[in-house]
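J.: Show me how the following folds:
(one chain, ligands or ions: 2)
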Amino acid sequence: MINQKLQSKLNTPFPVIAPSMLKCDFGNLHREVELLEAAEASVLHWDVMDGHFVPNLSYGALLIERVRPLTKMFFDAHLMVSNPEEYIDEYIKAGCDSITVHIEAVPDPQDILDHMNKSGVVPGLAISPKTPVEMIEPYLESCGLILVMSVEPGFGGQSFMESSLPKIKQLKTMIANSTILSVDGGIGMETIAEAAAAGANYFVVGSALFSQADYSIAVNELVEKARSQTASLT
Ligand code: DX5
Ligand code: ZN
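T.: Numbers count the residues shown, from 1 in each chain. Ligands and ions are numbered 1, 2, ... in the order given. A predicted model of the protein is given here:
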């Protein structure tokens, strides 16, 4: 059920490059969306930070809702917020296709995952670097997307943490083939292949993409680097 929803919404081959909009040029947001669409990115990854769960503030549902009519790309919201259950309906209404909450913010996420699923949204669960995989184990079947943080959440532009690799490997053996395994933080040309080899098939990329003059070339190069290592979704 979750998998059918995922496949109908995320109609794209793997590996997937998901640009992290935290690093885009907000002064030219519409143009950035057009350029990413032209580069054949099929996802926009929206990093929502509340200044409480993480020490930084970004943007919220209102902004996502305003961008929604501009493109058909898959909207992947990553909520780095405390008490996400209080805000989840705003993100559903904003038109997000998947919404990911942190296990550290919702120690028992069953209700919120079920709510997302019933609302037609692909449910996602994220784990921060210090959190063991066992914390999310009971909920894996209720998720369409698992996000492994490879930096401490809160800021773009940090270095990739190698300690995420064994977690990705472990999770790959625990999830269904149809579940997305996403890695987020410090992904670029030097790190994407090892994350792919560990089992990730969906790569959130901020700095390494938005620092490039040509997004199309950058997306293609990242896909090529990941492709040989990536298992496809079945
Ligand atoms: C960090 C965010 C990431 C981040 C990615 O809290 O979840 O999506 O912005 O940016 P880079 O690729 O620069 O690490
Ligand atoms: Zn993110």
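J.: what about the closest residue to ligand 2 within the chain, neighbour count?
T.: Per CB to the ion, residue 78 is where the chain lies closest to ligand 2, at 3.7 Å. (Each C-beta comes from the backbone N, C-alpha and C, glycine too.) Neighbours of residue 78 under the rule other CB atoms under 10 Å: 30.
J.: Distance check, it against residue 197.
T.: 23 Å (CB to CB, to the nearest Å).
J.: helices or strands up against the lengthiest helix in the chain?
T.: Counting by DSSP state H, the longest helix found in the chain is helix 215-227. Other helices and strands packing on helix 215-227, by 3 or more CB pairs under 8 Å, 6 or more residues apart in numbering; DSSP states H and E, are strand 16-19, helix 29-38, helix 192-198, strand 202-205, helix 207-210.
J.: Would you format these as CSV with distance to residue 103, mean neighbour count and mean pLDDT included?
T.: Shown next, in CSV, are these (distance: least, CB to CB, whole Å; neighbours: other CB atoms under 10 Å; pLDDT from 0 to 100):
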stretch, distance to residue 103, mean neighbour count, mean pLDDT
strand 16-19, 20, 27, 98
helix 29-38, 29, 16, 98
helix 192-198, 20, 22, 97
strand 202-205, 17, 28, 98
helix 207-210, 25, 22, 98
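J.: mind putting these in JSON lines, distance to ligand 2 included?
T.: Shown next, in JSON lines, are the helices and strands packed on helix 215-227 (distance: least, CB to the ion, whole Å):
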{"stretch": "strand 16-19", "distance to ligand 2": "8"}
{"stretch": "helix 29-38", "distance to ligand 2": "15"}
{"stretch": "helix 192-198", "distance to ligand 2": "14"}
{"stretch": "strand 202-205", "distance to ligand 2": "5"}
{"stretch": "helix 207-210", "distance to ligand 2": "12"}
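J.: nearest to residue 111, of these?
T.: strand 202-205 (25.0 Å; CB to CB).
J.: got a list of contacts for the helix or strand bottoming out on mean pLDDT in the chain?
T.: Least confident helix or strand, the chain: helix 2-9 with a mean of 74, by mean pLDDT, DSSP states H and E. By CB atoms under 8 Å, 6 or more residues apart in numbering, the residues outside helix 2-9 that reach it are 74, 97-98, 117, 120, 122-123, 142-145, 176, 178-180, 233.
J.: swap in stretch 158-169?
T.: 127, 129, 133, 148-152, 181, 183, 185-188, 190-191, 194-195, 198-200.
J.: Can you tell me which of those are buried?
T.: 127, 133, 148-151, 181, 183, 185-188, 191, 194-195, 198-200 (16 or more other CB atoms under 10 Å).
J.: among those residues, which are within reach of ligand 1?
T.: 151, 185-187 (CB under 6 Å from any ligand atom).
J.: For the chain, what lies in contact range of ligand 1?
T.: So the chain meets ligand 1 at 20, 22-23, 45, 47, 78, 80, 151, 153-154, 156-158, 184-187, 204-208 (CB under 6 Å from any ligand atom).
J.: follow-up on the earlier one: sort out which of the ones next to ligand 1 among the buried ones among the contacts of stretch 158-169 are in strands and list them.
T.: Among those, no member falls in strands (criterion: DSSP state E).
J.: need those residues in CSV with pLDDT, can you?
T.: As requested, those are arranged in CSV below (pLDDT from 0 to 100):
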residue, pLDDT
151, 98
185, 98
186, 98
187, 98
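J.: Report the two members of these separated by the largest distance.
T.: 151 and 187 (9.4 Å).
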